[in-house]
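Asker: this one's sequence-less:
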């Protein structure tokens, strides 16, 4: 019984990590209808950026992330402004292909610079610290921080979307691209800002990815699939839906792993397919697509 | 065509083949004959290279039909390559079947798997469909990693008794004076040639049929095609299942040739989807000529640059992005725009005849 309760708690906490993966993807889709096949690889790229910043300057990853955030915001802004804005339009193929190409470039670039070795972000005692909940159940501090950060990120994204002028522009372009442009919204800049913001979320996701487990240049695509599954399970168009979808995915994976460790990933994928069959628009749909 | 809208002096004709394509058809026959006789002159290395070129071309042609015409951009075709490969292993190792018989059965079973798969992934639209197919391929990979009789996660090899039971090996050995492994390559080469030529023929005749007209319409403008009465869902489903069958057969052939299978290799997104997408995009998506050009370019790059490993893949990714941004119709698009050339006449042209002057629209 304790084992199952533990699996449930760990599943919710794992969902926090997936929510951080998924929030960036959800943001890109929400504003510019971009489905980014390089999303997972960008998270891994950010993790390596934090690793280098922490290693070169001898900083704690939590401090290094503060340095990495502006770098990645600018990177995201530039990527959208220079490259991805060129791919947007009626045709689905260019954005898919360009991000697929980016995925391969990032993966192999990282392989060349860092080799295929597993890496990890080191942050001293906090990595292994845990809080006893009684009854033999403990929650790790890092997983708990991950979930709290995910909630904080979602609250902040909602504040930006619904309380600020740039958020108004985000929603306007999302609702109707042509009319937004007629109203004087510079969509190229708006999209670039949205991508910069998504990169900040990606950086936070990368911090916890690196603190919770080993990472290497090849693990990106699997993270993309988890993020995507969380977004679809939750239903398009709402960040809270994405959080719920992430928790469903996290639960499916930990419960699957509890039955047989080899089934962890498979159980998550199957949960996604079941939701797709039963509720094709996700559990908490909002946007029409 | 409405009688009233056409002036009585004009007649209309829909034409698909011109003079160049007729010459091309003759040339294709000659090329096919030369390729079929090639093992008599060529060494084993060239034969093995050509097997690789053939199956990449066949995979590219399938993906092109799927993505270029039906608008189903899949990044999960490795599901059917792996499925076909594993079916070949299951049918020959566990079922004791003749390998050449196992190839068409693998295609048939792949189609049977594709049907329920389609019912699920078709719930996702556009770009989401793409990632959905990838998830399905991962499910296949993880599921086959659980099949212990086929080696589980580490995979398994074909036994020599299976690989040498390919019919015709003794005949080829006698005819061309070869050892068993080389004779096996020759048989694989012929099967690959037949499968590739078959795939090209199937795609060609689909595109020239009524269905093909509908597919071209979907490619050009899906909403407009639906408005004109094309049953989009049915035709997409048919294309998905048909390409799954062809992809499954190609997968079976690939793993008969490799004689060793593992889940990670058989369901590799890089080998069976990324390369294939680059072939189609570099050559020119939405044409039959594109994948042929792309496959040849890819083969030459693979031959000369594959040793560079990661840098080669970075180059390939960059090339794909540049072509998508600056020449979205690919290399063949550049050629055909300049010279108005067609090798596979799948496009219909409206020929308006008014007296002696002939206009092409």
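Answerer: Nice, thanks for sending it over. All of these numbers come straight from a predicted model, not from anything done at the bench.

Asker: for the residue in the stretch 101-250 of chain B that chain A sits nearest to, which non-adjacent residue is closest in space?
Answerer: At 3.4 Å from chain A, residue B:127 is the closest residue in the stretch 101-250 of chain B, using C-beta to the nearest C-beta. All C-beta atoms are positioned from the backbone trio N, CA, C, and that covers glycine. Take residue B:127 and drop its neighbours on the chain: the residue closest to it by C-beta to C-beta, 6 or more residues apart in numbering or on different chains is residue A:35, 3.4 Å away.

Asker: likewise for residue A:270?
Answerer: That would be residue B:139: by C-beta to C-beta, 6+ apart, it lies 7.0 Å from residue A:270.

Asker: from residue A:119, how far off is residue A:213?
Answerer: 10 Å (C-beta to C-beta, to the nearest Å).

Asker: higher neighbour count, these two?
Answerer: More crowded of residue A:213 and residue A:119, by other C-beta atoms under 10 Å in any protein chain shown: residue A:119, with 17 against 12.

Asker: got the contact list for the more buried one?
Answerer: By C-beta atoms under 8 Å, 6 or more residues apart in numbering or on different chains, the contact list for residue A:119 reads A:47-48, A:51, A:210, A:214-216.

Asker: hmm, which two among these are most spread apart?
Answerer: A:48 and A:214 (12.7 Å; C-beta to C-beta).

Asker: before we move on, the earlier item: restrict the contacts of residue A:119 to contacts with chain B.
Answerer: Counting by C-beta under 8 Å from any C-beta of the partner chain, nothing from these sits close to chain B.

Asker: okay, and residue B:120 sits in which element?
Answerer: Under the criterion of DSSP states H and E, residue B:120 resides in helix B:99-121.

Asker: quick check: the residue nearest to residue B:127 touching residue B:130?
Answerer: Yes - applying C-beta atoms under 8 Å as the test, residue A:35 and residue B:130 come out as touching, 7.1 Å apart.

Asker: mutual contacts of those two, please.
Answerer: residue A:96.

Asker: so which residues of the stretch 151-300 of chain B form strands?
Answerer: Applying DSSP state E, counting those that start in this stretch to the stretch 151-300 of chain B gives strands spanning B:156-157, B:260-261.

Asker: out of those, deepest packed?
Answerer: strand B:260-261 (a mean of 18; mean count of other C-beta atoms under 10 Å in any protein chain shown).

Asker: quick one: neighbours of the nearest residue in space to residue B:245 that is not next to it in sequence, just the number.
Answerer: Of all residues not flanking residue B:245 in the chain, residue B:111 sits nearest, at 3.9 Å (C-beta to C-beta, 6+ apart). Neighbour count for residue B:111, taken as other C-beta under 10 Å: 20.

Asker: before we move on, what about residue B:293?
Answerer: Should you count by other C-beta under 10 Å, residue B:293 turns out to have 20 residues around it.

Asker: what do you get for residue B:43?
Answerer: With other C-beta under 10 Å as criterion, residue B:43 counts 10.

Asker: enumerate every residue touching it.
Answerer: Residue B:43 sits next to no residue when contact means C-beta under 8 Å, 6+ apart.

Asker: and it, what are its phi and psi?
Answerer: phi -80, psi 170 (degrees, to the nearest 10).

Asker: contacting residues around residue 269?
Answerer: Because you didn't say which chain, this covers chain A. Taking C-beta under 8 Å, 6+ apart, we find residue A:269 in contact with A:225, A:229, B:135, B:138-139, B:142.

Asker: hmm, no, I was thinking of chain B.
Answerer: Counting by C-beta under 8 Å, 6+ apart, residue B:269 has contacts A:221, B:75-76, B:78, B:134, B:137.

Asker: just the pLDDT at it, thanks.
Answerer: Note on residue B:269: pLDDT of 91.

Asker: for the chain, which helix is longest?
Answerer: Just so you know, I chose chain A. helix A:2-32 (DSSP state H).

Asker: hmm, I had chain B in mind actually
Answerer: From DSSP H, the single longest helix across chain B is helix B:180-208.

Asker: who are the packing partners of it?
Answerer: helix B:19-37, helix B:44-63, helix B:99-121, helix B:169-176, helix B:210-220, helix B:232-258 (3 or more C-beta pairs under 8 Å, 6 or more residues apart in numbering or on different chains; DSSP states H and E).

Asker: what's the most buried one of those?
Answerer: helix B:232-258 (a mean of 23).

Asker: so it versus helix B:44-63, what angle?
Answerer: Put simply, helix B:232-258 runs at 170 degrees to helix B:44-63, going by axes from the mean of the first three to the mean of the last three C-alpha atoms, to 10 degrees.

Asker: quick check: buried residues in the longest helix of chain B?
Answerer: Of the residues in helix B:180-208, B:182-193, B:195-197, B:199-200, B:202-204, B:206-208 count as buried by neighbour count, 16 or more other C-beta atoms under 10 Å in any protein chain shown.

Asker: could you do stretch A:171-182 as well?
Answerer: Buried residues in stretch A:171-182 (16+ other C-beta under 10 Å): A:172-174, A:180.

Asker: coming back round to it: which of the contacts of residue A:269 tops the neighbour count?
Answerer: If you rank these by neighbour count (other C-beta under 10 Å), residue A:229 sits at the top with 28 neighbours.

Asker: ok, for residue 219, nearest residue in space, not its chain neighbours?
Answerer: You didn't say which chain, so I picked chain A. Using C-beta to C-beta, 6+ apart, the closest residue to residue A:219 is residue A:44 (6.1 Å).

Asker: chain B, not that one
Answerer: Closest residue in space to residue B:219, ignoring its immediate chain neighbours: residue B:69 at 4.9 Å, by C-beta to C-beta, 6+ apart.

Asker: surely the one you found meets residue B:218?
Answerer: Yes - assessed by C-beta under 8 Å, residue B:69 is found in contact with residue B:218 at 6.8 Å.

Asker: quote the end-to-end distance of stretch B:70-80.
Answerer: End-to-end span of stretch B:70-80 (C-alpha to C-alpha, to the nearest Å): 18 Å.

Asker: tell me the contacts of the closest residue to residue A:36 other than its chain neighbours?
Answerer: Take residue A:36 and drop its neighbours on the chain: the residue closest to it by C-beta to C-beta, 6+ apart is residue A:99, 4.9 Å away. Residue A:99 makes contacts with A:34-39, A:84, as judged by C-beta under 8 Å, 6+ apart.

Asker: what mean pLDDT does stretch A:112-125 have?
Answerer: pLDDT averaged over stretch A:112-125 gives 89.

Asker: for the nearest residue to residue B:164 once chain neighbours are set aside, give me the pLDDT.
Answerer: Take residue B:164 and drop its neighbours on the chain: the residue closest to it by C-beta to C-beta, 6+ apart is residue B:180, 6.0 Å away. Residue B:180 carries a pLDDT score of 79 in this model.
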